[in-house]
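A.B. asks: the following comprises the amino acid sequence and a computationally predicted model.
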Amino acid sequence: MTIPGSTGARRVNNDVRILVVEYKGQHLYTDAEEKRAVGEVWASRSNGKCRFVMPTQGDFSSIIKATM
């Protein structure tokens, strides 16, 4: 089933997950501890349906890990 408005993304077995990415530059990352905590609590209470990552300094490896 193709998701309307997508570029060919497909839903498999009605498995829907949400990934929230909030990029922060290094100068903002250290002051975002509360935002990271809220995102982590949100994800932990989602029964595995949601993931939250906050990459910084161009290191997007956390996004790749979150999608696996």
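C.D. replies: Cool, the structure landed.
A.B. asks: and the top helix by length along the chain, what's buried?
C.D. replies: If you go by DSSP state H, the chain has its longest helix at helix 33-44. Neighbour counts over helix 33-44 (16 or more other C-beta atoms under 10 Å) mark Gly39, Ala43 as buried. Where you see a C-beta, it was placed from the backbone N, CA and C, and this is true even at glycine.
A.B. asks: what's next to stretch 48-65, contact-wise?
C.D. replies: If you take C-beta atoms under 8 Å, 6 or more residues apart in numbering as the criterion, stretch 48-65 is touched by 16-26, 29, 32, 35-36, 39-40, 42-43, 66-67.
A.B. asks: can you do 6 Å?
C.D. replies: Outside stretch 48-65, the residues that touch it by C-beta atoms under 6 Å, 6 or more residues apart in numbering are 17-24, 26, 29, 36, 39, 43, 66.
A.B. asks: buried sites along it?
C.D. replies: Arg51, Phe52, Val53, Met54, Pro55, Thr56.
A.B. asks: of those, which belong to strands?
C.D. replies: If you go by DSSP state E, the buried residues of stretch 48-65 have Arg51, Phe52, Val53 in strands.
A.B. asks: so can I have JSON lines of those showing distance to Phe60?
C.D. replies: Formatted as JSON lines, those follow (distance: C-beta to C-beta, whole Å):
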{"residue": "Arg51", "distance to Phe60": "14"}
{"residue": "Phe52", "distance to Phe60": "14"}
{"residue": "Val53", "distance to Phe60": "9"}
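A.B. asks: pLDDT weak spots in the chain?
C.D. replies: For the chain, residues meeting the criterion pLDDT under 70 lie at 1-15.
A.B. asks: which stretches of this protein form helices?
C.D. replies: Going by DSSP H, the chain shows helices at 26-29, 33-44, 61-66.
A.B. asks: what distance separates stretch 20-29 from the middle of the whole chain?
C.D. replies: Centre-to-centre, stretch 20-29 and its host chain are 12 Å apart (C-alpha atoms, centre = their mean, to the nearest Å).
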